[in-house]
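Participant: Below are the sequence and a predicted model for it; my questions follow.
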Amino acid sequence: MRDPNNPCIFCIIRKEELIFENKLAYASLDSYPVSKFHILIVPKRHVENYFQLSPEEINACNELIFKTKENILKKDSTVKALI
């Protein structure tokens with residue numbers, strides 16, 4: 001049986017699928033969104049979980065989270081931001 005994570009689905013992202021990117025992370029639309037504006041924020045380095053990210057990687061992800069939030073609010077004023 002084929003392993004769906006080999007190659008890693010997060011490593012083969014196409015440039016046209018990217019919304020935002022920085023040195024350590026990227027934001028892209030989810031292939032199987034569960035809601036409107038469902039976006040993935042993915043660190044570029046492979047780690048087992050969030051707590052293995054470096055402070056710089058966490059900051060890079062947070063930068064994209066806030067950038068994405070602002071972009072969504074510009075696109076749809078009915079979206080309610082929680083932060």
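Facilitator: All right, it came through fine. Quantities reported herein were computed from a predicted structural model and do not represent experimental measurements. Numbers count the residues shown, from 1 in each chain.

Participant: Please tell me how far residue 6 sits from residue 12.
Facilitator: 11 Å (CB to CB, to the nearest Å). From N, CA and C alone the C-beta is placed, and that goes for glycine too.

Participant: What segments of this protein are strands?
Facilitator: Taking DSSP state E as the test, the strands found in the chain are 18-21, 25-29, 39-43.

Participant: Can I get those strands in TSV including mean neighbour count?
Facilitator: Output for those, formatted as TSV (neighbours: other CB atoms under 10 Å):
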stretch	mean neighbour count
strand 18-21	15
strand 25-29	19
strand 39-43	18
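
Participant: For residue 70, which of these is the nearest?
Facilitator: Relative to residue 70, the nearest member of these by CB to CB is strand 18-21, separated by 10.4 Å.

Participant: ok so, going back, and the strands of the chain as TSV, adding distance to residue 63?
Facilitator: Putting the strands of the chain into TSV (distance: least, CB to CB, whole Å) gives the following:
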stretch	distance to residue 63
strand 18-21	9
strand 25-29	8
strand 39-43	9
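
Participant: Please render those as a markdown table that adds distance to residue 52 and mean pLDDT to the earlier fields.
Facilitator: Shown next, in a markdown table, are the strands of the chain (distance: least, CB to CB, whole Å; pLDDT from 0 to 100):
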| stretch | distance to residue 52 | mean pLDDT |
| --- | --- | --- |
| strand 18-21 | 21 | 94 |
| strand 25-29 | 14 | 94 |
| strand 39-43 | 9 | 95 |
